[in-house]
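*Asks:* Fold the following for me, if possible:
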Amino acid sequence: MINRVLIRIRVVQVLFACSQNESIDLKKAETELLFSLQKSYDLYFYFLSLMIELTDAYAQKVDARKSKLLPSEEDINPNVKLLDNKFINQLRQNVILDKYLTDRPFRWFEYEAFIRSLLEEILSSDAYKAYVEDVTGSYENDREFWRKVFKQIISNREELYSILEDESLYWNDDIEIVESFVLKTIKRFNESKGVNQELLPMFKDETDREFAVKLLRESLLNEKVYRTLIDKYTNNWESERIAQMDMVIMQIALAEIMNFPSIPISVTLNEYIDVAKSYSTAKSASFINGILDAIVKELKDEKKIIKK
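*Replies:* Coordinates of the predicted model:
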């Protein structure tokens, strides 16, 4: 689930934090990197558990209405289709989710008002109206309902972003990326898999974890090499005019270009230019692109990098 886009962002953030300190502790930096990636994976399970939490909130709402002093016919015989949703019941019993929440417990109970408000928005939505009118009772429709709700309602709640940012600073940059993986997971759910339905692993394979650690190490250990190259092509710029984030981004980009022969140079350049657009100044992307292009040309001419 943790893709290389997110890994690059995390390495940039960790290295930028390191650049603010006089001394660099490689072990501490690695620990921080892996911890931040773990928090991104936590968010994936936090989102999955939110759908269960909303269903439980509806169950409480149904029970409360039945307990009224003068309940209406609708209160006595509420629509319980949401409670019988086959996808949610499968998700609730998922062995991977259950173990993860046991090992790394977190709950939504502190945000009861938000949960109630979000539930009311769902219940008044066109998606819910269409769902309760569906008479097929199919697993596919149950799953599709929650996919629509997550994409169209949950993901668009500004309050959710505020809650998540307050819950963890690491989640500021993760939300949209992780939401896409939650939608992918919902789509992959199959009734026949039962409680053993696969969820996305933290890393697609061990190579992505190795990529994260190696990229950080190479960026830190060979900092002087990369900074010398950068200085050569920025000697007409006053150091104060170059954003520290730009220096960090170029340093990591060079570490990737020079140490990962299987990754095309164009891919690396595009990725870090995108990072610059999001995390540095308005002019950073074009500045970084120009400097890195010049350095790459020199490295190719000197046969220090041989790849596309």
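*Asks:* only C-alpha atoms for contact and neighbour calcs from this point on.
*Replies:* Noted.
*Asks:* Check which residues of stretch 208-222 are buried.
*Replies:* 208, 209, 211, 212, 213, 214, 215, 216, 217, 218, 219, 220 (16 or more other CA atoms under 10 Å).
*Asks:* scratch that, stretch 181-188 is what I was asking about
*Replies:* Within stretch 181-188, the residues that qualify as buried by neighbour count (16+ other CA under 10 Å) are 181, 182, 183, 185, 186.
*Asks:* cool, stretch 92-110 as well?
*Replies:* Using 16+ other CA under 10 Å as the burial criterion, the residues of stretch 92-110 that qualify are 92, 94, 95, 96, 97, 98, 101.
*Asks:* can you list contacts of it?
*Replies:* 45-46, 50, 52-53, 91, 115, 194-199 (CA atoms under 8 Å, 6 or more residues apart in numbering).
*Asks:* now it: how far from the chain's centre is it?
*Replies:* In this view, stretch 92-110 has its centroid 18 Å away from the chain centroid, taken as CA atoms, centre = their mean, to the nearest Å.
*Asks:* Stretch 103-112 now?
*Replies:* Using CA atoms, centre = their mean, the mean C-alpha position of stretch 103-112 is found 19 Å from that of the whole chain.
*Asks:* mind checking the end-to-end distance for it?
*Replies:* The separation between the terminal residues of stretch 103-112, taken as CA to CA, to the nearest Å, is 23 Å.
*Asks:* Break down the stretch 151-300 of the chain into its helices, ranges please.
*Replies:* Ranges of helices in the stretch 151-300 of the chain, per DSSP state H, counting those that start in this stretch, are 158-167, 175-188, 206-221, 223-233, 244-259, 265-279, 284-301.
*Asks:* can you check the stretch 1-150 of the chain too?
*Replies:* In the stretch 1-150 of the chain, the helices defined using DSSP H, counting those that start in this stretch lie at 4-19, 26-66, 73-76, 86-92, 95-103, 112-123, 126-133, 139-152.
*Asks:* Could you export the fourth one as CSV, keeping only the C-alpha atoms?
*Replies:* This file holds the C-alpha atoms of helix 86-92, laid out as CSV (Å, rounded to 0.1, in the frame of the first residue of the first chain):
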residue,chain,number,x,y,z
LYS,A,86,-23.1,-7.9,3.8
PHE,A,87,-20.0,-6.0,2.9
ILE,A,88,-19.8,-4.3,6.3
ASN,A,89,-20.5,-7.5,8.2
GLN,A,90,-17.7,-9.2,6.2
LEU,A,91,-15.3,-6.2,6.9
ARG,A,92,-16.2,-6.3,10.6
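*Asks:* Show me which positions of that helix end up buried.
*Replies:* 86, 87, 88, 90, 91, 92.
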